[in-house]
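Enquirer: What shape does this take:
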Amino acid sequence: MLLIIIYKDFEAFNCFLLIIKAFVINTHYLKKELISLDRAVFYRTFALAIAVICAAGYFHYKNTSHHDSKEDAYIYIMSDVTSYIVNMEFYFEATGKNEELDLDKLLKVGSHQARDPFNLRAITFESYDIINSAGKYVNKKPKYEGLDENMKSLMKEFKKSLKLTEDMVQYYLNKEYEKDNFEKARKFHREQIKQIEALREIRDKTYPKFDEYFPNEVKIKDKK
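Expert: Numbers count the residues shown, from 1 in each chain. The predicted structure is shown next:
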């Protein structure tokens, strides 16, 4: 695709190279030449630069593995899922563990107004590409009978949990509750109650086979 862009707009490509030279070589002549560029050419060059950056980022993503082995990937996911469940306790301590949001408790605790609502903001920036990288090992050797399929389901459920938490944290950060009188907060809470149990269930179902293949790994305990 990038080659097609270069072929179709060679003038913009030359300009793109000129910009690189100007910043790398740092010559007065090249910078002066850049100033005299036609605005339309400049905008096309800017678009080309964005395309190059995106292409480079995609190439890096597709060719970068965040794990050294299948074992490393599985251990990371199991540990991270349990850490997520443990961290979600900060949320439930402020909102209650019943299906309906305890608004009085939430307002009293006030953690929804913090810069890091419920101390969950770091979780929402969890790198999905790291989870996807781990997912690539599911169909690779060695085969872990009974574990591979469970890990696939666990990672799928984990991504759903992260997305839900990310959306919820952004809701509180943007103070949208002031506009809807916590209506969406109640919806998020009901979804969180169901989602955390779904995630815990598949995690607990995965543990026996995980322990069978990786008996020396220490479990992180979470409250139930």
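Enquirer: list the contacts for Lys209?
Expert: By C-beta atoms under 8 Å, 6 or more residues apart in numbering, Lys209 lies in contact with Tyr144, Gly146, Leu147, Asn150. Using the backbone N, CA and C atoms, a C-beta is placed for each residue, glycine as well.
Enquirer: Adding neighbour count, secondary structure and pLDDT, write those out as a markdown table.
Expert: Listed next are the contacts of Lys209 as a markdown table, based on neighbours: other C-beta atoms under 10 Å; DSSP: H, G, I helix; E, B strand; the rest coil; pLDDT from 0 to 100:
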| residue | neighbour count | secondary structure | pLDDT |
| --- | --- | --- | --- |
| Tyr144 | 20 | coil | 94 |
| Gly146 | 13 | coil | 93 |
| Leu147 | 20 | coil | 96 |
| Asn150 | 19 | helix | 95 |
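Enquirer: Can you tell me which of the residues you listed is closest to Gln195?
Expert: For the contacts of Lys209, the closest approach to Gln195 (C-beta to C-beta) belongs to Asn150, at 17.8 Å.
Enquirer: rewinding a little: so which of the contacts of Lys209 is the closest to Asn181?
Expert: Asn150 (41.2 Å).
Enquirer: Surely that closest one and Lys205 touch.
Expert: Yes - counting by C-beta atoms under 8 Å, Asn150 does reach Lys205; the two are 6.1 Å apart.
Enquirer: This protein: helices as residue ranges?
Expert: Applying DSSP state H to the chain gives helices spanning 2-8, 10-25, 28-35, 39-62, 70-87, 89-95, 103-109, 121-124, 128-135, 148-173, 177-180, 183-213.
Enquirer: Quick check: mean pLDDT of the first one?
Expert: What it means is helix 2-8. When pLDDT is averaged along helix 2-8, the result is 46.
Enquirer: Ok, the longest one next?
Expert: Averaged across helix 183-213, pLDDT comes to 96.
Enquirer: mind listing what's buried in that helix?
Expert: Neighbour-count burial for helix 183-213, counted by 16 or more other C-beta atoms under 10 Å, picks out 184-186, 188-189, 191-193, 195-196, 199-200, 202-203, 206, 209-210.
Enquirer: What are the phi and psi values at Phe214?
Expert: When read as degrees, to the nearest 10, the backbone of Phe214 gives phi -130, psi 70.
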